[in-house]
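Colleague: Structure for this input, please:
(one chain, ligands or ions: 1)
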Amino acid sequence: MRHPSAMSAPAPPDSATPWDRAWQEALYAADGFYRQGAPAAHFATSARGIPGAGPLLAEAVVALAHRHGCDRVVDVGCGRGELLAQVRTLDASLHLTGVDVVPRPSTLEVDAWLVSPGGAALPRGLRDLERTLVVAHEWLDVVPCPVVARDDAGVWRSLDVAPDGTEELGPVVHGEDLAWVRRWLDDGPGRAEDRAPDRRGEVGRPREAALADLLGRVRSGLVVVVDYGHTADDRPRGGTLTGFRAGREVTPVPDGTCDLTAHVAVDALLASLGTSPATDPPQLVRQREVLHDLLGDPGPPVPHALARTDPQAYLDALARRAALTTLTSGALGDFWWLLVPVGAQPGDGRDPGIG
Ligand SMILES: C[S@@+](CC[C@H](N)C(=O)[O-])C[C@H]1O[C@@H](n2cnc3c(N)ncnc32)[C@H](O)[C@@H]1O
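Modeller: Numbers count the residues shown, from 1 in each chain. As a prediction, the model looks like this:
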């Protein structure tokens with residue numbers, strides 16, 4: 001199991017519940033983690049907390065909106081609207097809507113704000129979106145999902161968890177969850193290591209349903225989900241469920257004191273969309289490729305001559321290059337962007353670039 005220290009303490013009888021239910025309560029109940037404080041207090045994302053990154057992400061959002069003829073931007077799971085605030089400074093003409101589980105921050109200047117139930121559920125008022133770029137940056141990883149593990153006999157079982165994080169094997173997985181597990185967690189019945197009891201993972205179906213629901217609310221535009229994820233090529237055998245509290249990764253405990261997150265099975269997410277001849281196909285692309293396409297290559301050095309003619313411009317260019325390098329390399333560069341065009345695209349004069 002992944003969290004041996006938590007496994008060692010015996011669970012109080014009958015206190016364990018399926019991980020997905022405990023996860024939902026811990027993050028989105030009335031006193032849940034995301035209703036108590038801003039995500040910024042616990043971890044950094046590209047939207048905020050990484051020097052120079054937020055403005056670049058906003059620049060990418062504005063570029064995508066223009067490319068797709070969108071005059072509205074909706075940020076689902078927007079935290080306290082940090083990304084939208086940056087977008088506003090770049091293009092004041094875009095109509096901006098924030099969606100999160102708390103009321104709109106009083107100082108945030110956006111055109112609309114919707115309070116959401118949280119997790120896979122979206123607010124009723126989010127619908128009929130036209131010419132809209134919908135961004136969901138690090139939303140799906142906090143949509144709770146079932147956690148499963150193989151028992152000693154090689155049978156997939158649900159994992160239950162007690163409020164203190166102690167885990168125990170629950171019921172045998174069946175139905176559509178089992179079909180999902182067989183397709184996306186098993187690499188094939190013939191491989192002995194796939195029947196090993198140390199195998200565990202998260203069932204992505206609730207994330208796929210959440211994305212389908214979001215897409216159903218858009219009439220035209222582009223839906224972009226950005227998250228850390230895995231595919232069959234690199235899916236961790238021990239799952240990815242983890243916690244974050246006050247800037248540190250911690251054992252996931254569903255008590256409302258820490259974030260609970262798991263990487264997104266992005267290949268399954270893409271497959272869940274199917275295909276339609278009526279729209280451009282979705283694209284699943286690494287962040288480094290998207291940002292190189294939208295913002296340029298940070299490789300070329302800033303010319304030294306600029307330091308003499310315009311020192312401030314030189315410093316700004318250095319800072320931008322450093323931030324773009326951060327966003328396009330290492331773990332951030334590996335982030336996945338799933339871009340899903342919805343309805344008619346502008347002029348259908350297709351841009352050869354990403355999205
Ligand atoms: C990991 S944080 C990301 C925040 C921000 N997008 C960023 O990148 O910094 C996830 C956010 O999603 C929000 N969230 C979770 N489920 C949601 C839902 N169904 N509708 C709207 N927001 C949701 C949480 O409240 C939290 O603010």
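Colleague: mind listing the strands for the stretch 151-300 of the chain?
Modeller: Applying DSSP state E, counting those that start in this stretch to the stretch 151-300 of the chain gives strands spanning 156-161, 167-172, 200-202, 221-227, 229-230, 242-245, 248-250, 259-261, 264-265, 283-286.
Colleague: which parts of the stretch 1-150 of the chain sit against the ligand?
Modeller: Counting by CB under 6 Å from any ligand atom, the stretch 1-150 of the chain comes close to the ligand at 34, 39, 45, 47-48, 76-79, 99-101, 116, 118-119, 121-122, 137-139, 142. Placement of C-beta: from N, CA and C, glycine included.
Colleague: Among those residues, which are located in helices?
Modeller: Among these, DSSP state H puts Tyr34 in helices.
Colleague: Counting only strands, which of the residues of the stretch 1-150 of the chain next to the ligand make the cut?
Modeller: Judged by DSSP state E, these include 76, 99-100, 137 as members of strands.
Colleague: residues in contact with the residue nearest the centre of the chain?
Modeller: The centroid of the chain falls nearest to Glu138 when counting by CA atoms, centre = their mean (2.8 Å). Counting by CB atoms under 8 Å, 6 or more residues apart in numbering, Glu138 makes contact with 45, 47, 77, 226-228.
Colleague: tally of neighbours for Leu318?
Modeller: 14 (other CB atoms under 10 Å).
Colleague: what does Ala153 give?
Modeller: Ala153, neighbours per other CB under 10 Å, totals 8.
Colleague: buried set for stretch 74-87?
Modeller: 74-87 (16 or more other CB atoms under 10 Å).
Colleague: What sits closest to Asp255 if chain neighbours are left out?
Modeller: Of all residues not flanking Asp255 in the chain, Pro163 sits nearest, at 5.5 Å (CB to CB, 6 or more residues apart in numbering).
Colleague: next one: Asp280
Modeller: Nearest residue to Asp280, sequence neighbours excluded (CB to CB, 6+ apart): Pro341, at 4.3 Å.
Colleague: Looking at stretch 95-109 now, give me its mean pLDDT.
Modeller: Mean pLDDT, computed over stretch 95-109, is 97.
Colleague: for stretch 262-274, same thing?
Modeller: For stretch 262-274, the mean pLDDT works out to 96.
Colleague: do it and the ligand meet?
Modeller: No: Stretch 262-274 lies out of reach of the ligand by CB under 6 Å from any ligand atom, never closer than 11.7 Å.
Colleague: List the buried residues of that stretch.
Modeller: Buried positions in stretch 262-274, judged by neighbour count with 16+ other CB under 10 Å: 262-270, 272-273.
Colleague: cool, stretch 319-334 as well?
Modeller: Quick answer for stretch 319-334 (16+ other CB under 10 Å): 320-321, 323-328, 332-333.
Colleague: Taking the buried residues of stretch 262-274, tell me the two that lie furthest apart.
Modeller: By the measure CB to CB, Ala262 and Leu273 form the most distant pair in these, at 20.2 Å.
Colleague: other SSEs contacting the helix or strand where Leu306 lies?
Modeller: Assigned by DSSP states H and E, Leu306 belongs to helix 305-309. Secondary-structure packing of helix 305-309 (3 or more CB pairs under 8 Å, 6 or more residues apart in numbering; DSSP states H and E): helix 311-328.
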